[in-house]
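Visitor: pasting the structure only:
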Ligand code: BTN
């Protein structure tokens, strides 16, 4: 599996002929490449894709396993302007766009695990990391939305072996990395006006891995059990706590609860 700019561009078509596209055999992180490009003053849409990342980044300072030719490692730079708190809307938007693109290409029933992971067969298939810079008015100067999709079946690092999966694991054969890249980029750019919309929230809810499930809310100072009762119009998690009260979670981390002690 190797990235091929000509094949990606031919699938993107004429509409995106001028789109800046940077393809790397290996780089530390496509999100870092995109941020560096933005810091040079570039603000227009651009995409960054790598065959391999030596320091793939995940949320909460975690790493993202990005072996050579084994997955799609893609970042999209978008213009800023929106309030910084809308960064989450870009993540949820990418979650919907990418889950649809993967499902259409592979037939896999892709679910979204709030807030930024794509799941298949109960395991993590893909992760999304949105980063950006905030200006003096509290708006994003730019944002970078990166997605990693595991495509080839392989030995994952020990710490994620039981919880990670790949397209090949789920449907028996890998998909074409160039076709998947082009489909995600095209759909992301074609529908960009839908970021933060109710239409995206409805689709997000339909694919939610957590609806109705018992989960554990993980905060800096505490952990507690809850049940997911709904996904709001802004893709926030509506929870019922054990004392019967409700909470709306706009950011943070949750895990699916097997047992709670
Ligand atoms: C997560 O699992 O918490 C998010 C993972 C995001 C990985 C993608 S791969 C392309 C882009 N470059 C990175 O360094 N991270 C994102």
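Guide: Perfect, thanks for sending it. Since we're looking at a predicted model, the values are computed, not measured.
Visitor: and stretch 174-194, which residues are buried?
Guide: Judged by neighbour count using 16 or more other CB atoms under 10 Å, the buried positions of stretch 174-194 are 174-175, 177-178, 180-189, 191, 194. C-beta here means a position set from N, CA and C on the backbone, and glycine is covered the same way.
Visitor: so which of these are in helices?
Guide: Judged by DSSP state H, those include 177, 178, 180, 181, 182, 183, 184, 185, 186, 187, 188, 189 as members of helices.
Visitor: next, format the residues you listed as TSV and append pLDDT and distance to the ligand.
Guide: Formatted as TSV, those follow (pLDDT from 0 to 100; distance: CB to the nearest ligand atom, whole Å):
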residue	pLDDT	distance to the ligand
177	98	13
178	98	16
180	98	13
181	98	11
182	98	16
183	98	16
184	98	11
185	98	13
186	98	18
187	98	17
188	98	13
189	98	17
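Visitor: relative to residue 217, which of the buried residues of stretch 174-194 is nearest.
Guide: Nearest to residue 217 among the buried residues of stretch 174-194: residue 194, at 28.6 Å, using CB to CB.
Visitor: just say helix, strand or coil for the closest residue to the closest one other than its chain neighbours.
Guide: In space, and not counting its chain neighbours, residue 194 is closest to residue 200: 5.3 Å by CB to CB, 6 or more residues apart in numbering. With DSSP: H, G, I helix; E, B strand; the rest coil as the basis, residue 200 sits in helix.
Visitor: about what we covered before: TSV for the ones in helices among the buried residues of stretch 174-194, including distance to residue 225?
Guide: Below are these laid out as TSV (distance: CB to CB, whole Å):
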residue	distance to residue 225
177	39
178	44
180	37
181	39
182	42
183	38
184	35
185	39
186	41
187	36
188	35
189	40
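Visitor: tell me which residues in stretch 152-171 are buried?
Guide: So, applying 16+ other CB under 10 Å, buried residues of stretch 152-171: 152, 153, 156, 160, 164, 165, 166, 167, 168, 169, 170, 171.
Visitor: for stretch 225-233, that is, sorry about that
Guide: 226, 228, 231.
Visitor: so of these, which ones are in helices?
Guide: Checked against DSSP H, those include nothing in helices.
Visitor: just the residues you listed: which are in strands?
Guide: With strands taken from DSSP state E, the overlap with the buried residues of stretch 225-233 comprises 226, 228, 231.
Visitor: got those residues as a markdown table, with distance to residue 40 columns?
Guide: A markdown table is the format used below for these (distance: CB to CB, whole Å):
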| residue | distance to residue 40 |
| --- | --- |
| 226 | 44 |
| 228 | 42 |
| 231 | 38 |
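Visitor: stretch 1-17: end-to-end distance?
Guide: 24 Å (CA to CA, to the nearest Å).
Visitor: now do that stretch, average pLDDT.
Guide: The average pLDDT within stretch 1-17 is 96.
Visitor: try stretch 157-169
Guide: For stretch 157-169, the per-residue pLDDT averages 94.
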